[in-house]
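1. Pasting the sequence and the predicted coordinates here, then a few questions.
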Amino acid sequence: MREKPRSLPALLLIFWATALLPASVARAEQDAGAAAGDVAQEGDAAPAEGTLQGLRWELAPLRWGGTLGNVFRWARADGQPDRYEVVQSASLRGASYIWQPWFAQVSGSVGFVTSKMTVSGPNTLPGDTGGRITNPTGNGNLALFPLSRFPFTAYFDLSDSRNSATLTRNDYTTSRFGVRQSYRTESGNTQMSASYDRSAIESTFYGKDTVNALNGTMSTVFNNHRLELTGQHTKTTRTFGGEGSQFGYLLARHTLRPDEYFSLESFASLSNSDIRYNNLGIINRNQARYLQANSFATWRPEADWPVYVTGGARYLSYVTDYGLGQTDSQSVSANIGATVNYSPNLTLTGAATIASLNARTSGYNGMVTTQSAGANYVSNPIQLGGFNYYWNAGGTISNQTGLDSGSGIAAYLQFGHSVSRDIPLWTGASSLFASQSAYVSTSAQFGQSTTLVHNLGLSYRVNPTDVLSGFASVNFSDTRTSGENETEYQNVMGQINGQWQISPRSSFSANLSLQWNRQGTVAGVLPGTTLPGQDTFTAYGNASYQHTRAFGIPGLRYLALYTINTLKYDARLYGDFTAEPRLFGQSLEQRLDWRFGRLDMRLSTIFAQQNDGKKNALIFFETRREFGTF
């Protein structure tokens, strides 16, 4: 953490300079006891017109308060020395309004965080102590015309990770700034908004990480039309490692629904991305630009006709460069299709497409057409004991012309059956589902292959009650393909979601998702060779238990929180300005909070393991004293 002083935004220096404001005597008497956060009702009278006679300077109603805090932090991380910090902090808060509450509302705080750290461990001397580090903190919020059709908001925030019970490998400071302007027409049919946000995270370990985000939206409704326009541009820069990114897109969407039988959806978009990421010390760069326009229409002749007609047209142009070579392609296509519900069990389909492809990279330029017709039959449920049994069969025949790799007729046949049963259980019901499907396809282009798919699912839903509600499920699928492109694939998915009010003061909640995938051996490039499979496991979610009167002590709250996230995703690199540096993996936090009058105390312990196997631990103890009325 750098120790250089930082200048607060000019807004802090003049924050209360506007406290002495002109107001009419009558209005001042009416609002003399108003709280700083009071909001004028829509029926309030507008300020009287006229000269400045009868006006005087008065102090706007002000709510103020503050916090004094002490924090003791002990942190341990694999590969780093132990860190012990004593942190002091102070802040002064206030809220008021400018002129009148309906005109402008303001709030904010100013403070500081200061600490001294002692380190111990490998490559450190006993009692090794760094210098005292002091950083400013604070925030500010401004709302102009908050209840009008054109509200404006602005904010800034300065924070320090040392003052929070957040497990990090290094201390950092965060600064944010943003403005937002909205507008709505008097009729309410048209709405617009534009915003700018900037977030900067700074640490001595990884330098400065800055995200700038610009957003704009517009939507309007007229007659049977709806038009939406959306635009966004984000830019991420990092002083350490050479990483960075830029993302941008413009999207226009139009919807037409003149009646219940016809609808037309159209959209056009332009997007670009440029990502630089560090992989084992090597900077890789991925660039892409997409331009596309698409229209899709659905039509039904009459309400009682079993015929649905769909059609559309699409233009796509893209250029990509992922370091292994550049692709440059362009296509224009049109399609039409029809679905006939011949009976409740039998569905007939037909479709045709035509496309012009221009792959500039490979040099291909030609016209491709496809025609297809198919049928699918689903049986009525058949009762077998307590189970419902279904079977289904279908087939599709298609013809394709224009591809250099081959053209001709292809056939696809499918047969499947399934059983399901609902089983009443205590306070809920369980559902069991199993299915088997077989697919056979043959074509001059891809040869012949056979696929067999098995699915098994079990779910349990707790009926909503006053104290317990939830859902749990596990699903297994197995897919095996023989013939051309021989492969196998297995997948297991589990989910738990629910809440349990154990007692009037204790509760448990969970929201966990688990997934395991196994990609089996696949055919190699050479005949008779195979490539090894690969297993992947992902999990994310949390489970928590809390008690609002732990050990029978009034005001003492206990929380146990388990979180897991095995997904490696750098949200800030992809333009999320709200994301903070986080350690992906799993963690267990236990926390005790106690409030006695205006004194707050917190004891927190966190144990975590990152996805790379490194372990971290944090013990956090805080005492905080509030004063004032805000």
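-> In hand now; what should we look at?
2. Give me the secondary structure label for residue 551.
-> Secondary structure state of residue 551, per DSSP: H, G, I helix; E, B strand; the rest coil, is helix.
3. That one and residue 505: what is the separation?
-> Relative to residue 505, residue 551 is positioned 11 Å away (criterion: Cβ to Cβ, to the nearest Å). Heads up, the C-betas are built off the backbone N, CA and C, glycines and all.
4. Neighbour count for the two, which is higher?
-> Counting neighbours by other Cβ atoms under 10 Å for residue 551 and for residue 505 shows that residue 505 has the greater number, 13 against 8.
5. And that one, what's its pLDDT?
-> Looking at residue 505, its pLDDT stands at 94.
6. my guess is it meets residue 552, correct?
-> No - judged on Cβ atoms under 8 Å, residue 505 makes no contact with residue 552 at a distance of 9.7 Å.
7. Just the pLDDT for residue 336.
-> Listed pLDDT for residue 336 reads 96.
8. what's next to whichever helix or strand it is part of, contact-wise?
-> When elements are defined using DSSP states H and E, residue 336 is found to belong to strand 326-341. With contacts defined as Cβ atoms under 8 Å, 6 or more residues apart in numbering, strand 326-341 is touched by 306-321, 347-361.
9. what does stretch 68-77 give?
-> Contacts to stretch 68-77, defined as Cβ under 8 Å, 6+ apart, come from residues 82-90, 115, 162-163, 167, 169, 614-625, 627.
10. run the last query once more with 6 Å
-> Here stretch 68-77 makes contact (Cβ atoms under 6 Å, 6 or more residues apart in numbering) with 82-90, 169, 616-625.
11. List buried residues within the residues you listed.
-> By the neighbour-count criterion of 16 or more other Cβ atoms under 10 Å, the contacts of stretch 68-77 include these buried positions: 83-85, 87-89, 169, 616-622, 624.
12. Pick the one among those residues closest to residue 265.
-> Nearest to residue 265 among these is residue 169, at 47.4 Å by Cβ to Cβ.
13. Is that closest one in a helix, a strand, or coil?
-> In the three-state summary, residue 169 is assigned as coil, counting by three-state DSSP.
14. got a list of what it touches?
-> Listed by Cβ under 6 Å, 6+ apart, the contact set of residue 169 reads residue 77.
15. Then residue 568?
-> The contact partners of residue 568, taken as Cβ under 6 Å, 6+ apart, are residue 584.
16. which SS state does it fall under?
-> Using three-state DSSP, the three-state assignment for residue 568 comes out as coil.
17. coming back round to it: give me the buried entries from the contacts of strand 326-341.
-> In those, the ones that pass as buried (16+ other Cβ under 10 Å) are 311-312, 314, 316-317, 319-320, 347-349, 351-355, 357.
18. which one among the buried ones among the contacts of stretch 68-77 gets closest to residue 199?
-> If you rank the buried ones among the contacts of stretch 68-77 by distance to residue 199 using Cβ to Cβ, residue 169 comes first, at 19.5 Å.
19. before we move on, back to that, buried stuff in the strand holding residue 336?
-> Across strand 326-341, burial judged by 16+ other Cβ under 10 Å covers 329, 330, 331, 332, 333, 335, 338, 339, 340.
20. Just the CA trace of the following helix or strand past it, in CSV.
-> On the C-terminal side of strand 326-341, the closest following helix or strand by DSSP H and E is strand 346-359. What follows is the C-alpha trace of strand 346-359 in CSV, where atoms were taken according to Å, rounded to 0.1, in the frame of the first residue of the first chain:
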residue,chain,number,x,y,z
LEU,A,346,-48.7,-36.2,-34.3
THR,A,347,-46.7,-33.1,-35.5
LEU,A,348,-45.5,-32.6,-39.1
THR,A,349,-42.8,-30.1,-40.0
GLY,A,350,-41.2,-28.7,-43.2
ALA,A,351,-38.5,-26.1,-43.7
ALA,A,352,-36.3,-24.6,-46.4
THR,A,353,-33.2,-22.4,-46.3
ILE,A,354,-31.0,-20.6,-48.7
ALA,A,355,-27.7,-19.0,-47.8
SER,A,356,-24.9,-17.2,-49.5
LEU,A,357,-21.5,-17.9,-47.8
ASN,A,358,-18.3,-15.9,-48.4
ALA,A,359,-15.5,-17.2,-46.3
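21. now the angle from strand 346-359 to strand 326-341?
-> 160 degrees (axes from the mean of the first three to the mean of the last three Cα atoms, to 10 degrees).
22. Okay, now the sheet partners of the helix or strand that strand 346-359 is followed by, with direction.
-> Downstream of strand 346-359, the first helix or strand assigned by DSSP H and E is strand 364-378. Sheet pairing here is set by DSSP bridges, and for strand 364-378 it gives strand 346-359 (antiparallel), strand 387-401 (antiparallel).
23. could I get those strands as JSON lines with mean pLDDT and distance to residue 576?
-> Listed next are the strands paired with strand 364-378 as JSON lines, based on pLDDT from 0 to 100; distance: least, Cβ to Cβ, whole Å:
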{"stretch": "strand 346-359", "mean pLDDT": "92", "distance to residue 576": "34"}
{"stretch": "strand 387-401", "mean pLDDT": "93", "distance to residue 576": "42"}
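24. And those: which comes nearest residue 582?
-> Closest approach to residue 582 among the strands paired with strand 364-378 is made by strand 346-359 (41.2 Å; Cβ to Cβ).
25. Strands of the stretch 351-500 of the chain, start to end?
-> Using DSSP state E, counting those that start in this stretch, the strands of the stretch 351-500 of the chain run over 364-378, 382-384, 387-401, 408-425, 428-443, 447-462, 468-483, 487-503.
26. picking up where we left off before, so for residue 278, which of the strands paired with strand 364-378 sits nearest?
-> strand 346-359 (32.1 Å).
27. what comes into contact with the closest one?
-> Outside strand 346-359, the residues within contact range by Cβ under 6 Å, 6+ apart are 329-342, 365, 367-377.
28. I figured residue 460 hits residue 430, correct?
-> Yes - contact status for residue 460 versus residue 430: in contact at 4.6 Å, counting by Cβ atoms under 6 Å.
29. Output the strands paired with strand 364-378 in TSV, with distance to residue 603 appended to each entry.
-> Putting the strands paired with strand 364-378 into TSV (distance: least, Cβ to Cβ, whole Å) gives the following:
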stretch	distance to residue 603
strand 346-359	63
strand 387-401	54
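30. for the stretch 501-630 of the chain, which spans come out with low pLDDT?
-> Along the stretch 501-630 of the chain, the model assigns pLDDT under 70 to residues 521-533, 583.
31. Residue 270 in helix, strand or coil?
-> Looking at residue 270 with three-state DSSP, the answer is strand.
32. is it true that it touches residue 250?
-> Yes - using Cβ under 6 Å as the test, residue 270 is close enough to residue 250 to be in contact (4.9 Å).
33. which residues of the protein score low on pLDDT?
-> 1-59, 122-130, 324, 362-363, 403-407, 426, 521-533, 583.
34. Near the nearest residue to residue 274 once chain neighbours are set aside, how many other residues are there?
-> Spatially, and ignoring its direct neighbours in sequence, residue 274 is nearest to residue 246 (4.6 Å; Cβ to Cβ, 6 or more residues apart in numbering). Look at residue 246: counted by other Cβ under 10 Å, it has 17 neighbours.
35. Roughly how far does residue 246 sit from residue 369?
-> As for residue 246, its distance to residue 369 is 39 Å (criterion: Cβ to Cβ).
36. ditto for residue 222
-> Counting by Cβ to Cβ - residue 222 and residue 369 are separated by 38 Å.
37. what's the answer for residue 328, then?
-> Here the distance between residue 328 and residue 369 works out to 23 Å (Cβ to Cβ).
38. Ok, residue 499 next?
-> From residue 499 across to residue 369, the span is 55 Å (Cβ to Cβ).
39. now residue 99
-> Residue 99 sits 69 Å away from residue 369, going by Cβ to Cβ.
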